[in-house]
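J.: sequence below, structure please.
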Amino acid sequence: MDLYGFYTGKIFDAYQYLGAHLQDRGVCFRTFAPAASRITVIGEFNNWQEWEMNKISDGNFWELFVPDAAEGMMYKYCIYDRTGNRVEHCDPYGFGMELRPNSASVIRDMKSYSFSDEEWMNSRSDCRQKPLNIYEVHMGSFKKPEDKPDAWYTYKEMADILIPYLKKNGYNYLEIMPLNEYPCDESWGYQATGFYSPTSRYGTAGQLKYFVDVCHQNGIGVIMDFVPVHFALDSYGLAMYDGTSLYEYPNSAVGVSEWGSCNFMHSRGEVRSFLQSAANYWLTEYHIDGLRMDAISRAIYWQGDPARGVNGNAVEFLQYMNQGLKKLHPSAILAAEDSTSFPKVTDPVDHGGLGFDYKWDMGWMNDTLDYFRTDSEYRSREYHKLTFSMMYYYDARFLLPLSHDEVVHGKATILQKMNGDYDGKFPQARAFYMYMYAHPGKKLNFMGNEFGQLREWDEKREQDWMLLDYPIHSGFARFMKDLNILYLEHSALWEKDYEADGFQWIDCHQEESCVYVFQRTGKTERIIAAFNFSDRDLSYELRLPRCQKITELLRSDMEIYGGNRKRRRPARKITDGRYPAELPAFSAVYYEIQ
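T.: Now for the predicted structure:
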């Protein structure tokens, strides 16, 4: 390993040196703990008796080769601080861990699995000019084993369950909430102890590789949540690893996050090398297609508060990491969860940006959901909440998220957020989703939203699949499937997401009627999207001076989806540039125009 690069935060391969590595006739253990006075290894290979590790290199690293250690065996490091106090730790660079509440690392053979996804890897892209329709999932609560509701399906079993569902329903990418090891189910993986360890809840490293491999063979990309800002404070993890604040800040004013976890000290080169090597590890070893980076606002600003100023060291870390990852993996996707107005988040680093491919559009999400919570009687005064997003849209490459965060902790599910009674929520939700899918920007939808989940998400329970037995929910699920597939098939909805000529308002001044009309343009097709978000049936005259033919592609009010309309209008020739559109209450229509 390049020691100078490690200390200065320049390397992306620290995991190839540190951790537990299988070699001929044994395993070599290495860890970085400069302030430790003594370190021993305990494990299944020595009956959990302490074997001394030796200082190597510059004295800050410790190593021991164990001839009898093998794949699947558990181990820990016993680290003695300068006063002789002893704490058992998992391996910061360990490739596996045992199931909580136990905390031992597990030796894994990272070279035993052979991928069969060459075609996918050679052709994948960051999707800037391609459709990106993401299904976000929490692996443990999508579905549960019928005979063991408190258990989980394995990665391998989920390949047979989840992939056919994604293909059938028109999603081409999967985003999985953090797969690193974590001690508390309720943290959903966002407070990690094993940054290089796939969580043992769902199986082994090899099984996760199989899952990703099969996704790729079926044309599904895999994005993983990655947490580069903070880590769990459990004593066996990174906290006070060598008896000092090795990974975290020594000052609690900036060292403790709003979630009670430890903030990474991004000014330290060793921490930077740890994190960017972890990011590279998932992309390289598991063929993960992208990383959604959590809580980026907390890296940009001290404690996420703009009033406290920019954290220059953390911003520099993000820039260097993103630039390095894109050099190593040009076709991988790097997405930022960032709710701030910090400039140039998706600009290239050499242009002064942070180097992300996409930024979550939290403003669009909040404004749009607020609008649909509003009673239709008052929507006219909130009319421009739905036009405001295009005022800033070209400041970044935005992704439109309806994520897990919007369906928990008293926020209600997406369907429940729609104003009105039970029956009245469905037509609004259908029109809402058509607005979302026609709006520029890539798409993300959390599991359960697609069939009208009514209960807030709970990581301990599977989705309420029995709702599909009710016609109104099964109709909504069919609508979402048809909308997803239409989105994938029509280039006007994604080809020019980030080009000014890809979107044009046709009418955004119908405040009293709550009608909106805009055009999406690709290289070879044009689509008009018309919306009526009022509670009144309306007739609206589309003016299409450059149109000779108009075809209804999708209507939200079709009977098969739970509406009243039995069939779409047939394609019609346009001779005078005018088309009388029928817009029932709470409805949306897509038209292809030629």
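J.: which strands and helices sit next to the helix-or-strand element of the chain with minimal mean pLDDT?
T.: Each helix and strand of the chain was given a mean pLDDT (mean pLDDT, DSSP states H and E); the minimum falls on helix 252-255 at a mean of 86. Helix 252-255 makes packing contacts with strand 262-263 when contacts are defined by 3 or more CB pairs under 8 Å, 6 or more residues apart in numbering; DSSP states H and E. Yep, even glycine has a C-beta here, placed from its N, CA and C like the rest.
J.: follow-up on the earlier one: now the least confident helix or strand of the chain - C-alpha only, PDB.
T.: In PDB, the C-alpha atoms belonging to helix 252-255 read as follows (Å, rounded to 0.1, in the frame of the first residue of the first chain):
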ATOM      1  CA  SER A 252     -18.400  16.800  20.700                       C
ATOM      2  CA  ALA A 253     -19.600  20.100  19.400                       C
ATOM      3  CA  VAL A 254     -18.900  18.900  15.800                       C
ATOM      4  CA  GLY A 255     -18.100  15.200  16.600                       C
END
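J.: what are the contacting residues of that helix?
T.: Ser245, Glu248, Tyr249, Cys262, Asn263, Met265, Trp302, Gln303 (CB atoms under 8 Å, 6 or more residues apart in numbering).
J.: okay, and the first one sits in which element?
T.: Secondary-structure assignment from DSSP states H and E places Ser245 in no helical or strand segment.
J.: so it touches Met265, yeah?
T.: Yes - with contact defined as CB atoms under 8 Å, Ser245 reaches Met265; the gap is 7.2 Å.
J.: the two: who's more crowded?
T.: Here Ser245 and Met265 are compared on neighbour count by other CB atoms under 10 Å; more neighbours surround Met265, at 20 against 17.
J.: my guess is the more buried one meets Glu248, correct?
T.: Yes - contact status for Met265 versus Glu248: in contact at 5.9 Å, counting by CB under 8 Å.
J.: if we can go back for a sec, in PyMOL, select just the buried ones from the contacts of helix 252-255.
T.: Provided next is the PyMOL selection string for whichever of those are buried by 16 or more other CB atoms under 10 Å:
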select buried, resi 245+248+249+262+263+265+302
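J.: ok, of the contacts of helix 252-255, which one's closest to Ala104?
T.: The nearest member of these to Ala104, counting by CB to CB, is Cys262 at 21.0 Å.
J.: if I look at the closest residue to the closest one other than its chain neighbours, how far off is Ala299?
T.: In space, Cys262 comes closest to Glu248 once its chain neighbours are excluded; the distance is 4.0 Å by CB to CB, 6 or more residues apart in numbering. To Ala299, Glu248 is 14 Å away according to CB to CB, to the nearest Å.
J.: next: Pro92.
T.: Per CB to CB, Pro92 is found 20 Å from Ala299.
J.: just the helices in the stretch 1-150 of the chain please.
T.: When assigned using DSSP state H, counting those that start in this stretch, the helices of the stretch 1-150 of the chain occupy the ranges 3-7, 118-123.
J.: which strands or helices does the longest one pack on?
T.: It stands for helix 118-123. For helix 118-123, the packing partners by 3+ CB pairs under 8 Å, 6+ apart are helix 205-217.
J.: run through who's touching the helix it packs on.
T.: Under the criterion CB under 8 Å, 6+ apart, external residues in contact with helix 205-217 comprise 95-96, 108-110, 112-113, 115-117, 120-121, 154-156, 158-159, 163, 174, 179, 198, 202, 221-222, 285-288.
J.: could you pull up the mean pLDDT of the helix or strand harbouring Gln276?
T.: Element membership for Gln276, per DSSP H and E: helix 269-285. In this model, helix 269-285 carries a mean pLDDT of 98.
J.: may I have the following helix or strand past that helix exported as PDB, CA atoms only?
T.: Counting by DSSP H and E, the element after helix 269-285 in chain order, helix or strand, is strand 290-293. As requested, the backbone C-alpha atoms of strand 290-293 are provided in PDB (Å, rounded to 0.1, in the frame of the first residue of the first chain):
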ATOM      1  CA  GLY A 290     -23.900   3.600  -8.300                       C
ATOM      2  CA  LEU A 291     -23.800   5.100  -4.800                       C
ATOM      3  CA  ARG A 292     -26.500   7.400  -3.400                       C
ATOM      4  CA  MET A 293     -24.500   9.300  -0.800                       C
END
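J.: other residues contacting strand 290-293?
T.: Outside of strand 290-293, the residues within contact range by CB under 8 Å, 6+ apart are 126, 173, 175, 221-228, 279, 282-283, 325, 332-337, 356-357.
J.: sheet partners, orientation included, of it?
T.: Applying DSSP bridges, strand 290-293 is found paired with strand 221-226 (parallel), strand 333-336 (parallel).
J.: what's the average pLDDT for it?
T.: Taken as a whole, strand 290-293 has a mean pLDDT of 98.
J.: Asp482 touches Ser556, doesn't it?
T.: No - Asp482 is not in contact with Ser556 according to CB under 8 Å; the separation is 10.2 Å.
J.: which one's more surrounded, these two?
T.: In terms of neighbours (other CB under 10 Å), Ser556 is the more surrounded of Asp482 and Ser556; the figures are 28 against 17.
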